[in-house]
Each structure stands twice: as structure tokens, then as C-alpha cells.
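Engineer: Next comes the sequence, and after it the predicted model I'd like to discuss.
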Amino acid sequence: MRTPSVGIVGHTGRLGSAIEAALHRTGHPVRQRINSAIHDATGPVDVVIDASAPAGLERALSICTQNDAALIYCVSSISDTDRDLLLSYGRSAPVVIAPNLSYGHWLQLQLIDLVASSLAGLPDAPYVSVFERHPHTKADRPSASAVQLAERWDAAYGIPVREVASYRAGARVSGHRIDVDLDGESLTIHHEVTELRSAARGAALLADWAAEQVPGVYDSQEVFGMIFGRKPIDADGY
């Protein structure tokens, strides 16, 4: 498989710069580097990774259209208008929605499925809550990852989580946990990200995958499930 060339929107941000470093380590040519003031282009790209902010989506889509490129969208906040834009572009090229790029988040979702199915025969329903922590610079509350954890539990168990709590302080990346409280005991599924290089590594893997796909809008966690767990995926997975 040919290594795809990549453009990064938001390359000077914390996540964008980590993604660029990961792409260099894995041998991906980074041919376009874009932020609000600069568009440094040395050639066409196969994949655009948007690690900027909601305001950068239209510029990212413009670059995608010019290059007929796949899009990896890493911005966690998606408005209804942005969702419509992503769905529209997905009719002509692959779009991967990737608010969380880490492998550990995918594993956490698999554990939720396992725990929920194992609790089906208990006489009393557990009290389940989701807690998420980000540094104070994180605007979304709750985060997209916390919402995804809650939705995954709801789908797997059939009874919604009781609370989703957000905390804005502490170390520079993030932590997410789901607490399952039973009668006299408690189980916690906790995932902590301590370095952005873990997310950047996921972005490089998604770029390789997206460059080979048919048009459609895909969820990054479903893509990881296909790559790691060999689960089938379709273009309407999102």
C-alpha cells in the first residue's frame, strides 16, 4: 500500500503539531500545512487531517475538494451545520469523524460492551455514571468522548447512565472513566491519556485507512474496531 501524502489544518496547535511529528516518524509526506494565517503547500495530498477548531472546517473542506482528498476530522465540537457539511462531503470522498484518536478509548468502549452484557442477569440495575477530566482550556462540556461513552452504555445495557460529570483542571491531556456502582461494590473502567503522541499515532493510522476507502462518513472507533478487531464496517457507520 502506498503511503498517503497528508495536509494538516491547525498544524501549529498542540494536537496538530503532535500529529505532524507522528506523520514524520511514520514516513508520511506532509505536503500542506495550514492555519488561520498560513497555507504552506508543496504538492497535492491524499488525506487532510483537521486538528484546528470548528471555524476551520470550511477551509479544510475547500482543501479536500481541491485535492479530491479524504478528511480526518479531529475537532470534538460539531454543530448541526458542520455535521451537514461533513455528510455532504462524505458523498464524494471518505470522511472519518475522530474526536478521540487514541487506541485506549476504543478499548474502553469494548470493555463497556463486555460489562453491560455481563450485567444483564443481575436482579438490580447498577447506578452508572461517566466522569471526564480535561485541562481548563477545553471548551466542550461534556466532551465528545464522554458523550460517546454514555451513549455506548445506553446502547449496550438499555438503561441510560445517571450522570455525566465534567472537570476542568489538572494535567494537559485527559481522563475518562465510567463507574458502575452495584450493591456494596463498584467497578471503574478508567482511561487516561498522558501524552498527545498516542492520539497522533491514531491519526496516522486513520490516514492510511481513509486513503483506501470509498466515499462515506465513518466513525473513528468503528474504524479501529475494523482494524484491530476485524469487525466489518460500512460507509453509513456514522
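Structural biologist: Structure received. Numbers count the residues shown, from 1 in each chain.
Engineer: Could I get the full set of strands for this structure?
Structural biologist: 6-9, 30-34, 39-41, 47-50, 70-73, 94-97, 127-134, 163-168, 174-182, 185-193, 216-219 (DSSP state E).
Engineer: I'd like to know which of these is closest to Leu87.
Structural biologist: Of all these, it is strand 216-219 that lies closest to Leu87, at 5.8 Å by C-beta to C-beta. C-beta: built from backbone N, CA, C; applies to glycine.
Engineer: tell me the mean pLDDT for the closest one?
Structural biologist: Average pLDDT, strand 216-219: 96.
Engineer: Show me where the chain has its helices.
Structural biologist: Residue ranges of the helices in the chain, as given by DSSP state H, are 14-25, 57-67, 80-89, 103-118, 144-157, 197-210, 220-229.
Engineer: Make JSON lines from the ones you listed and add mean neighbour count and distance to Ile38 to it.
Structural biologist: JSON lines is the format used below for the helices of the chain (neighbours: other C-beta atoms under 10 Å; distance: least, C-beta to C-beta, whole Å):
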{"stretch": "helix 14-25", "mean neighbour count": "19", "distance to Ile38": "12"}
{"stretch": "helix 57-67", "mean neighbour count": "18", "distance to Ile38": "11"}
{"stretch": "helix 80-89", "mean neighbour count": "14", "distance to Ile38": "23"}
{"stretch": "helix 103-118", "mean neighbour count": "17", "distance to Ile38": "31"}
{"stretch": "helix 144-157", "mean neighbour count": "20", "distance to Ile38": "27"}
{"stretch": "helix 197-210", "mean neighbour count": "22", "distance to Ile38": "20"}
{"stretch": "helix 220-229", "mean neighbour count": "19", "distance to Ile38": "27"}
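Engineer: In TSV: those, plus distance to Gly184.
Structural biologist: Converted to TSV, the helices of the chain look like this (distance: least, C-beta to C-beta, whole Å):
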stretch	distance to Gly184
helix 14-25	42
helix 57-67	48
helix 80-89	43
helix 103-118	17
helix 144-157	20
helix 197-210	35
helix 220-229	33
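Engineer: where does the protein have low pLDDT?
Structural biologist: 1, 230-238 (pLDDT under 70).
Engineer: can you do 90?
Structural biologist: In the predicted model, the chain carries pLDDT under 90 at residues 1-2, 35-38, 76-77, 120-124, 137-140, 170-173, 194-199, 226-238.
Engineer: show me what contacts the nearest residue to Ala146 once chain neighbours are set aside?
Structural biologist: Spatial nearest neighbour of Ala146, excluding adjacent residues (C-beta to C-beta, 6 or more residues apart in numbering): Glu132 at 3.8 Å. The contact partners of Glu132, by C-beta atoms under 8 Å, 6 or more residues apart in numbering, come to 142-143, 145-146, 149, 164-167, 174-177.
Engineer: For Glu132, give its distance to Arg83.
Structural biologist: 22 Å (C-beta to C-beta, to the nearest Å).
Engineer: do Tyr73 as well
Structural biologist: Between Tyr73 and Arg83 the computed distance is 10 Å (C-beta to C-beta).
Engineer: do the same with Phe228
Structural biologist: For Phe228, the distance to Arg83 (C-beta to C-beta) stands at 26 Å.
Engineer: just Pro94 next, same as before
Structural biologist: The gap separating Pro94 from Arg83 is 16 Å, by C-beta to C-beta.
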